[in-house]
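Participant: Below is the sequence, then the predicted model.
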Amino acid sequence: MMMMMMMMMIIIIIIIIITFTNKKAKTTYLIHIAVPNTHNLVKAISEKQSKYQELANEICAMWKQTTAQVVPIVMSSTGVIPKSLSQSLET
């Protein structure tokens, strides 16, 4: 019975990355949109921030940018929004 329940669980994670570049100011924004399960919400935010910070550093070097910021936008698949979303949107 337990095995059947585990097999029926479907895990859906949607990830979208949008890149905005201001060529005059030499600034790049990596807007990372993720829709994980509710119980993975806090973990997803911290993982994505650290994971994409390395990419931001590489973009600075490759595209000769002065700054590259990671803007994580995370909302759970059930509509739960973390408290850190408003801080991310102010960036």
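Facilitator: Okay, I see it.

Participant: how about the strands of the chain, start to end?
Facilitator: 14-22, 27-35, 67-74 (DSSP state E).

Participant: Check the ones you listed for me: which has the lowest mean pLDDT.
Facilitator: Of all these, the minimum mean pLDDT falls on strand 14-22 (a mean of 82).

Participant: Strand 67-74 and that strand, what's the angle between them?
Facilitator: Strand 14-22 and strand 67-74 are oriented at 150 degrees to each other (axes from the mean of the first three to the mean of the last three Cα atoms, to 10 degrees).

Participant: Show me what strand 14-22 packs onto, helices and strands only.
Facilitator: strand 27-35 (3 or more Cβ pairs under 8 Å, 6 or more residues apart in numbering; DSSP states H and E). C-beta here means a position set from N, CA and C on the backbone, and glycine is covered the same way.

Participant: list the buried ones in the strand it packs on?
Facilitator: Of the residues in strand 27-35, Thr28, Tyr29, Leu30, Ile31, His32, Ala34, Val35 count as buried by neighbour count, 16 or more other Cβ atoms under 10 Å.

Participant: which residues are in contact with it?
Facilitator: Residues outside strand 27-35 that contact it (Cβ atoms under 8 Å, 6 or more residues apart in numbering) are 12-22, 44, 48, 52, 55-56, 59-60, 63, 65-77, 91.

Participant: Let me have the buried residues of strand 27-35 in TSV, extended by distance to Leu85.
Facilitator: TSV is the format used below for the buried residues of strand 27-35 (distance: Cβ to Cβ, whole Å):
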residue	distance to Leu85
Thr28	21
Tyr29	16
Leu30	16
Ile31	12
His32	12
Ala34	11
Val35	12
